[in-house]
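Colleague: I would like the atomic coordinates for the input below:
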Amino acid sequence: MKVMKFGGGCLKTEETLNQVVEIVAREKRKPAVVVSALNGVTDQLIASVAAAQRDERTIPDRIESLRDRHVRLAERTIRDEALREETVRAIETALKRVERLLYGVAYTGEASPAIRNHVLSYGERLAARLVAGAIRARGPAARPLDSDRIGMVTDDNLENATVKLALFRRKFRRTAGEIKRGSFVPVITGFFGVTPDGRISLFGRNGSDYSASVVAYGLKARSLEIWKDVGGFMSADPGAEKNARKIDRLSYYEAAELSYFGAKILHPRTLEPLTGLDAEVRIKCLSDPDDPGTEIHRRAEAKKSVAKSVTANEGIALLRIHGPGVGYKPGIVGRIGRQLSALNINIYSIITAQTCINLLVDRKDARRSYQALKDDRNGVIARVDLEEDVALVAVVGEGMVARCGVAARIFSAVAKAGINVEMISSGASEVATYFIVDRKDTARAVRALHREFFGARTT
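Modeller: Numbers count the residues shown, from 1 in each chain. So this is what the prediction gives:
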C-alpha cells in the first residue's frame, strides 16, 4: 500500500493540479492520497477570521475569493458536466459552513482557538473535494475523506496536536479495510485532527506531512511519498549556499534532526508514527516526477565525510536562567518544563551548567517564556536573560558523534570565518552537532561549513 501526500505547492494552478491527477492515475494500485490546502488558502482563512472579528461586511468578499479559486479550478480540470456540478456542489456546501463560522466570529467578536481551527480546517476540506473530483474525471473512483470523520483522534493540544495512534488505528480499521480493497482512491484531509471532545486540533504548518504519516501507520503502508514543489532535502538551504546539492538518502534520525533544526522540507514530527514500521519515505518533486528524490529509510548510512547537510534556524531565542544552584538543585529543570508546557511552549533544547540553565525556544514564544520564568524565582532563580538576536546552526549526519575530529572541523571552519560561537551541543544527538551564533552570522556560518564538508561544485 502506498500513501501519497501533495502539499499546497503542488496545488497552485490548473497545470499543477493536472500533474497531481496524472501522477495518481498512473499508479497501478490505487494509492491513498493526503492533501494540503491549495497554495495560500490557509493564509486566506487566517486573514478572514481576523477581518470577520473587525467587520462582518468583509465576509462575502472573502467567501467569494475562496469560491472563485476552487470553482474555477474545478471548471478547468473536470470536463464531465455532471461530475463537475457534483464537485462544485460539494465545494459550495463546504463554503457555506465557512461562511456560517465567520458570521459567528463577527457576531461574538471572538475567535476561540477551537473556532479558528475549525475555519482553518476548511482549506484542506475544500482541496480534498476538488482533488477527488479531478481524479474521478480521469477515470479512477475517488472519495474525499475528512480526517475528523475517520477517527484521527488527538490529544487536547489544539495548536500542536499529537494523534493517539493506537486509538486511531482502531477507529480507522473499517475505513482502512475499504481502502485496502482498492475500490476507490481516498483523498484525505491533512493538517488537522479532532480532540476526544470533538474540537478541531491542528498539527502546525506542514502538518499534512504528519497527517500522511499517521495515515501510513493506520494502513500499515510500505511506502510514503511526500510530493513537494522542491526536489528533496539539500546539503544546505540554496538561498544561503549556491553550491547546495540534493541529498539522495537519509536515515529517519537524520531527516528528523534536519526538520527539527530548520530544514523546512518536512514537518518535524513526520517520522514519529512510522517508528517500528519498515516503511520507505521519499520526498518527490512534482515538476520532475521521474527523479527518485530523497529516500528516507530506517537503516543508517554513514558517509566518509560524515556530514549530510548543514541547516540553520533563525526563528529561535535563547533564555539563560541564572542562579547559584540551578544546575544542582533537584527538580528545577522539571519545574521549568512544566511551567512552559502549561503555556503550550515547546523547548527545543536544554543545556545546563551549575549556575545556568539555557533553553532554546521558538522566538514567537520568547517573551511569554521570559515573563513566566522571570516572575517565578522561588528563591533559586536569581536572574533570567533573553537573547532574541540569535540563530541555531546544525551539522547533521550519521556518525557525527562516533567519528574522531568532526567537531574540530566544524568549529575550526566557523572560527576561520571569524564567527563567535555562543553555545554548543554535541553528543545530545548521535547524528547532529549544533551551536548558537549571532543571527547576522547565520549565512556565513552555513557557507563556511558547507565549504568544509562539501567543497564547491566541479560541474
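Colleague: which stretches in the protein count as helices?
Modeller: In the chain, helices defined by DSSP state H lie at 14-25, 41-54, 59-77, 81-108, 113-120, 122-137, 165-180, 207-219, 252-260, 332-342, 366-374, 406-416, 442-454, listed in chain order.
Colleague: how about low-confidence regions in the stretch 251-400 of the chain?
Modeller: By pLDDT under 70, the low-scoring segments of the stretch 251-400 of the chain are 300, 302-303, 376-379.
Colleague: V380: which of the helices of the chain is closest?
Modeller: Among those, helix 332-342 comes nearest to V380, with 6.2 Å by CB to CB. Using the backbone N, CA and C atoms, a C-beta is placed for each residue, glycine as well.
Colleague: switch the helices of the chain over to a markdown table; also include mean neighbour count and distance to A382.
Modeller: A markdown table is the format used below for the helices of the chain (neighbours: other CB atoms under 10 Å; distance: least, CB to CB, whole Å):
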| stretch | mean neighbour count | distance to A382 |
| --- | --- | --- |
| helix 14-25 | 18 | 56 |
| helix 41-54 | 18 | 40 |
| helix 59-77 | 17 | 50 |
| helix 81-108 | 17 | 45 |
| helix 113-120 | 19 | 35 |
| helix 122-137 | 26 | 47 |
| helix 165-180 | 16 | 43 |
| helix 207-219 | 27 | 39 |
| helix 252-260 | 24 | 31 |
| helix 332-342 | 15 | 12 |
| helix 366-374 | 17 | 11 |
| helix 406-416 | 17 | 30 |
| helix 442-454 | 21 | 31 |
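Colleague: now the residue nearest to the spatial centre of the chain: how far from S305?
Modeller: Centre of the chain computed as the mean C-alpha position; nearest residue by CA atoms, centre = their mean is H267, 2.4 Å away. In this structure, H267 and S305 are separated by 28 Å, where distance is defined by CB to CB, to the nearest Å.
Colleague: what does the nearest residue to Y253 once chain neighbours are set aside show for phi and psi?
Modeller: Distance criterion CB to CB, 6 or more residues apart in numbering; nearest residue to Y253, sequence neighbours excluded, is V431 at 4.9 Å. Backbone dihedrals for V431, given as degrees, to the nearest 10, come out at phi -120, psi 10.
Colleague: what about the residue nearest to I419 when sequence neighbours are not counted, how many residues close to it?
Modeller: Nearest in space to I419, with sequence neighbours left out and distances taken as CB to CB, 6+ apart, is D441 at 4.6 Å. When counting by other CB atoms under 10 Å, one arrives at 19 neighbours for D441.
Colleague: surely Y434 and G262 touch.
Modeller: No. Assessed by CB atoms under 8 Å, Y434 is found out of contact with G262, at 9.4 Å.
Colleague: which residues do these two both contact?
Modeller: Here Y434 and G262 have L392, A394 as joint contacts, going by CB atoms under 8 Å, 6 or more residues apart in numbering.
Colleague: how about low-confidence regions in the stretch 1-150 of the chain?
Modeller: Low-confidence segments of the stretch 1-150 of the chain, defined by pLDDT under 70, are absent.
Colleague: hmm, back to that, roughly how far does the residue nearest to I419 sit from G418?
Modeller: Note on D441: its distance to G418, by CB to CB, is 8 Å.
Colleague: tell me which stretches of the stretch 301-450 of the chain form strands.
Modeller: Ranges of strands in the stretch 301-450 of the chain, per DSSP state E, counting those that start in this stretch, are 309-313, 316-322, 347-352, 356-362, 383-387, 390-396, 423-429, 432-438.
Colleague: buried set for the second one?
Modeller: The neighbour-count check on strand 316-322 (16 or more other CB atoms under 10 Å) flags I316, A317, L318, L319, R320, I321 as buried.
Colleague: could you dump the residues you listed into TSV with distance to K364 added?
Modeller: Supplementary listing: these in TSV, determined by distance: CB to CB, whole Å:
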residue	distance to K364
I316	10
A317	9
L318	14
L319	14
R320	19
I321	20
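Colleague: nearest to G204 among these?
Modeller: Relative to G204, the closest of the buried residues of strand 316-322 is I316; by CB to CB it sits at 15.5 Å.
Colleague: so that closest one is in contact with Y348, correct?
Modeller: Yes. Using CB under 8 Å as the test, I316 is close enough to Y348 to be in contact (6.2 Å).
Colleague: overlap in contacts, the two.
Modeller: Here I316 and Y348 share the contacting residues L360, V361, D362, L392, scored by CB under 8 Å, 6+ apart.
Colleague: now the residues you listed as a markdown table including neighbour count?
Modeller: Below are those laid out as a markdown table (neighbours: other CB atoms under 10 Å):
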| residue | neighbour count |
| --- | --- |
| L360 | 22 |
| V361 | 21 |
| D362 | 15 |
| L392 | 25 |
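Colleague: please convert those to TSV, extending it with distance to Y370.
Modeller: Shown next, in TSV, are the shared contacts of I316 and Y348 (distance: CB to CB, whole Å):
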residue	distance to Y370
L360	13
V361	9
D362	13
L392	18
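Colleague: could you point out which of the residues you listed is nearest to L73?
Modeller: Taking the shared contacts of I316 and Y348 together and measuring to L73 by CB to CB, the closest member is D362, at 34.3 Å.
Colleague: the closest one and G7, how far apart?
Modeller: With the distance defined as CB to CB, D362 ends up 22 Å from G7.
Colleague: got it, and A176?
Modeller: With distances defined as CB to CB, the gap from A176 to G7 amounts to 23 Å.
Colleague: for T459, give me the pLDDT.
Modeller: The model reports T459 with a pLDDT of 38.
Colleague: got it, and A456?
Modeller: 65.
Colleague: i'd like the first residue to be 44 from this point on
Modeller: Understood, numbering begins at 44; the last thing we discussed is A499.
Colleague: one step back: quick check: which of the helices of the chain is nearest to T337?
Modeller: If we rank the helices of the chain by CB to CB, the stretch that ends up nearest is helix 295-303, at 8.0 Å.
Colleague: so how far is that closest one from its chain's centroid?
Modeller: Using CA atoms, centre = their mean, to the nearest Å, the distance from the centre of helix 295-303 to the centre of the chain it belongs to is 12 Å.
Colleague: the inter-axis angle of it versus strand 390-395?
Modeller: 100 degrees (axes from the mean of the first three to the mean of the last three CA atoms, to 10 degrees).
Colleague: show residues contacting helix 295-303.
Modeller: Residues beyond helix 295-303 that count as contacts (CB under 8 Å, 6+ apart) turn out to be 276, 293, 308-311, 313-314, 317-318, 324, 339-341, 343, 351-352, 354, 391, 437, 439-441, 472-475.
Colleague: now do the same contact list for I394.
Modeller: I400, N401, M466, S468 are the contacts of I394 under CB under 8 Å, 6+ apart.
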